[in-house]
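Asks: Structure of the sequence below:
(one chain, ligands or ions: 1)
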Amino acid sequence: MSRQEKLTEITNDTRIIRHKTPARLSHWLLVICFFTTALSGVAFFFPDFAWLATILGTPAIARAVHPFTGLVMFVSFLILVFTYWRHNIPEKNDLRWLKNVGEVLKGNEHEVAYNGKYNLGQKLLFWTLILAMFTLLFTGLIMWRQYFSHHFSIPVLRIAILLHSASAFALFTGIMVHMYMAFWVKGSIRGMIEGWVSVRWAKKHHPKWYRDEVLPKLEKEVEANRNAK
Ligand code: HEM
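Replies: Numbering: from 1, shown residues only. Below you'll find the model as predicted:
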């Protein structure tokens, strides 16, 4: 954990790393690609929203570019999956969150749950996103007129279009929830932009992560700095 001043004591304001630079860069590239891909996709799907295709220049450009931004979105998502999959495996301890989900929704999560790096809601969303992203990739390749669609029969293309639309809908809905939660939990967007959260934030929202993973590293850092004095 690198910081400018040497850490000699742990306080609630001590900064800790939540997301390293590669994860943050992948996440924001993913966000840009998500919006360009999703909005052009909506333009193709709903005639009333055809005007959205102009965000990529012209409808023809949007048609050509949509699969490529989709591919970049998939690759940047994959980087996040490799970075965080271990932290998203549900464990017995998550049952506390589930049993008290009513209190969680009232904003009392810190009183009833003992979350690791991610809470159960984030974990379930993570696996839903994986399912949606892989379905979008496979069906999208089948539907890609420029390169692949002529290899498939009409019934296969119809099924691919149906699954592509359904998983796009699931992804879009999931991301709306994800964005709402990101704005709701103060400090988490800064964590994804600047990389750090405070000890106070970690203790409140993800106490198990703080106790098991962060605190031992902080204590080592404090000890090393005191010995170096
Ligand atoms: C403007 C839109 C978005 C905002 C404001 C946002 C915000 C955030 C924030 C603040 C975190 C960190 C949460 C934490 O530290 O607990 C996060 C994590 C993450 N975000 Fe986003 N996000 C957005 C869009 C997206 C999109 C479009 C995707 C995928 C398609 C995505 C996938 C993820 C994933 C996979 C994580 C890691 C969470 C985990 O491993 O469970 N985000 N996001």
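
Asks: Every contact and neighbour count from this point should use C-alpha atoms.
Replies: Fine.

Asks: could you say which helix or strand contains the residue of the chain found nearest the ligand?
Replies: Using Cα to the nearest ligand atom, the single residue of the chain nearest to the ligand is residue 189, 3.7 Å away. Following DSSP states H and E, the helix or strand that holds residue 189 is helix 188-193.

Asks: what's the nearest residue to residue 206 if we skip its chain neighbours?
Replies: residue 115 (4.7 Å; Cα to Cα, 6 or more residues apart in numbering).

Asks: show me what contacts the one you found?
Replies: 93, 94, 97, 205, 206, 207, 208, 209 (Cα atoms under 8 Å, 6 or more residues apart in numbering).

Asks: can you rerun that using 6 Å?
Replies: By Cα atoms under 6 Å, 6 or more residues apart in numbering, the contact list for residue 115 reads 206, 207, 208.

Asks: tell me, which of those make contact with the ligand?
Replies: Among the contacts of residue 115, no residue sits close to the ligand (Cα under 6 Å from any ligand atom).

Asks: Now the buried members of the residues you listed.
Replies: 206, 207, 208 (16 or more other Cα atoms under 10 Å).

Asks: Please list the members of those residues that lie in helices.
Replies: 207, 208 (DSSP state H).

Asks: Export the buried ones among the contacts of residue 115 as CSV, with columns for distance to residue 111 and pLDDT.
Replies: Putting these into CSV (distance: Cα to Cα, whole Å; pLDDT from 0 to 100) gives the following:
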residue, distance to residue 111, pLDDT
206, 12, 97
207, 11, 97
208, 13, 98
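
Asks: Make TSV out of the buried ones among the contacts of residue 115 and add distance to residue 38.
Replies: TSV is the format used below for the buried ones among the contacts of residue 115 (distance: Cα to Cα, whole Å):
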residue	distance to residue 38
206	31
207	35
208	35
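
Asks: all helices for this structure, in order.
Replies: Under DSSP H, the chain gives helices at 21-45, 59-84, 95-99, 101-105, 109-112, 120-143, 154-184, 188-193, 199-205, 207-209, 215-228.

Asks: Nearest to residue 13, out of these?
Replies: Between residue 13 and these, the shortest gap by Cα to Cα is with helix 199-205, which sits at 6.0 Å.

Asks: Export only the CA atoms of the closest one, formatted as PDB.
Replies: What follows is helix 199-205, C-alpha atoms only, in PDB (Å, rounded to 0.1, in the frame of the first residue of the first chain):
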ATOM      1  CA  VAL A 199     -10.800   3.100   7.200                       C
ATOM      2  CA  ARG A 200     -14.100   4.400   8.500                       C
ATOM      3  CA  TRP A 201     -15.800   3.500   5.100                       C
ATOM      4  CA  ALA A 202     -14.300   0.000   5.100                       C
ATOM      5  CA  LYS A 203     -15.300  -0.700   8.700                       C
ATOM      6  CA  LYS A 204     -18.900   0.500   8.000                       C
ATOM      7  CA  HIS A 205     -19.500  -1.200   4.600                       C
END
